[in-house]
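Engineer: sequence and predicted structure below; questions after.
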Amino acid sequence: MNGKREFVWTAVGGIDTSAYSGVESDVRYGTMHGCTVLPVVSAITSQSTDKILHIQPTNPEIFRESLEITLNLDSKVLKSAMLCNHKLAIELYEFLNSNDNIFYILDPVFKSTSGTWLIDHKGINVIKESLIIRADLIIPNRFELELLTGIKILSKNNFIKAGLTVAEKSRGRRVLLKGGHFNTESNIVTDIFIENGKIYEFTHSREEGVWRGRGTCLSASISSLICKGLSPVEAIKKAIEFCSNKKFFYRIK
């Protein structure tokens, strides 16, 4: 037995004490999908289910070494969420730029559900100017898409226009627009996937209240299913179905 694992991907993000998001959730969902998830920690946080108390960024040298180790552990898919600051964002870009074969999924986490900023202003610029271009799939919500494009999203047409703008900039020409923060009065959520200009729509019911954890569940499930060989559109479809189970999440209010 040589210890080689078949389905391995890398999760870059912070540690969430409440365990509803963060790399520990990536590991949990990856395991549910039959994958081994390698955690590369960008920050240690102290946070409850409703607020963040403190954020301690990882040392850039340790962060860089952790990324390099994943190459020796057969990881071919990498998903980044919270990057904390521009130094770590630059380290990630330089790593990806040197490893062209890695399928990169960018979940541009800028703010927590409670409203705390999770990356500095320079880090946002690194994402906009560098990581977007390298990404094979980008998974923003409405707020993140507005920051990435400068387009105020007031309608479904604006939503798609902004999504097309981001997709065209990326290596993979793919973006999944999370619809949870859009058209919030409707009891139906529509997530929109754009791939090479082609548009797919996936609908699911909206649960009442404000929930934590669905975004991590979705991106981790997509990463796992792509790692297992599914096409992006099939991975997204199955991931949305998987994330319909609300027992995975925490209702804030």
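Structural biologist: Right, received. Where do you want to start? Here the structure is a predicted model, which means the values were calculated and not measured.

Engineer: for the rest of this, base every contact and every neighbour count on C-alpha atoms.
Structural biologist: OK.

Engineer: the residue lying closest to Ile153 once chain neighbours are set aside: what's it in contact with?
Structural biologist: In space, and not counting its chain neighbours, Ile153 is closest to Phe159: 5.6 Å by C-alpha to C-alpha, 6 or more residues apart in numbering. Phe159 makes contact with Arg142, Ile153, Leu177, according to C-alpha atoms under 8 Å, 6 or more residues apart in numbering.

Engineer: could you point out the helix or strand that follows the helix or strand containing Phe159?
Structural biologist: In the assignment (DSSP states H and E), Phe159 maps to helix 156-169. Proceeding N to C from helix 156-169, the next assigned helix or strand is strand 174-177, under DSSP H and E.

Engineer: average pLDDT for that following strand?
Structural biologist: Confidence over strand 174-177 (mean pLDDT, whole number) is 98.

Engineer: now do it: distance to the chain's middle.
Structural biologist: Using C-alpha atoms, centre = their mean, to the nearest Å, the mean C-alpha position of strand 174-177 is found 11 Å from that of the whole chain.

Engineer: can you list contacts of that strand?
Structural biologist: By C-alpha under 8 Å, 6+ apart, the residues outside strand 174-177 that reach it are 136-142, 159, 163-164, 166-168, 191-196.

Engineer: residues near Ser114, how many?
Structural biologist: A total of 12 residues lie near Ser114 under the criterion other C-alpha atoms under 10 Å.

Engineer: to clarify, my last question referred to Lys87.
Structural biologist: 18.

Engineer: what's the pLDDT at it?
Structural biologist: Value listed for Lys87 in the pLDDT field: 98.

Engineer: tell me the SS of it?
Structural biologist: Assigned with DSSP: H, G, I helix; E, B strand; the rest coil, Lys87 falls in the helix class.

Engineer: for the one 3 residues further on, same thing?
Structural biologist: Judged by three-state DSSP, the three-state class of Ile90 is helix.

Engineer: for the chain, longest strand please?
Structural biologist: The strand spanning the most residues in the chain, taking DSSP state E as the definition, is strand 36-47.

Engineer: give me the low-pLDDT residue ranges for this structure?
Structural biologist: Flagging of the chain using pLDDT under 70 yields the residue ranges 1-3, 19, 181-186, 206-212, 246-253.

Engineer: quick one: the strands in it?
Structural biologist: For the chain, the strands defined by DSSP E occupy 8-15, 36-47, 52-57, 77-80, 103-106, 137-138, 174-177, 188-195, 198-205, 211-212, 250-251.

Engineer: using PDB, write out the CA atom coordinates for the third one.
Structural biologist: Pointing back at strand 52-57 there. Provided in PDB are the C-alpha atoms of strand 52-57 (Å, rounded to 0.1, in the frame of the first residue of the first chain):
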ATOM      1  CA  ILE A  52     -16.100  37.500  14.100                       C
ATOM      2  CA  LEU A  53     -14.100  38.600  17.100                       C
ATOM      3  CA  HIS A  54     -10.500  38.400  15.800                       C
ATOM      4  CA  ILE A  55      -8.600  37.500  12.600                       C
ATOM      5  CA  GLN A  56      -4.900  36.400  12.600                       C
ATOM      6  CA  PRO A  57      -3.400  36.100   9.100                       C
END
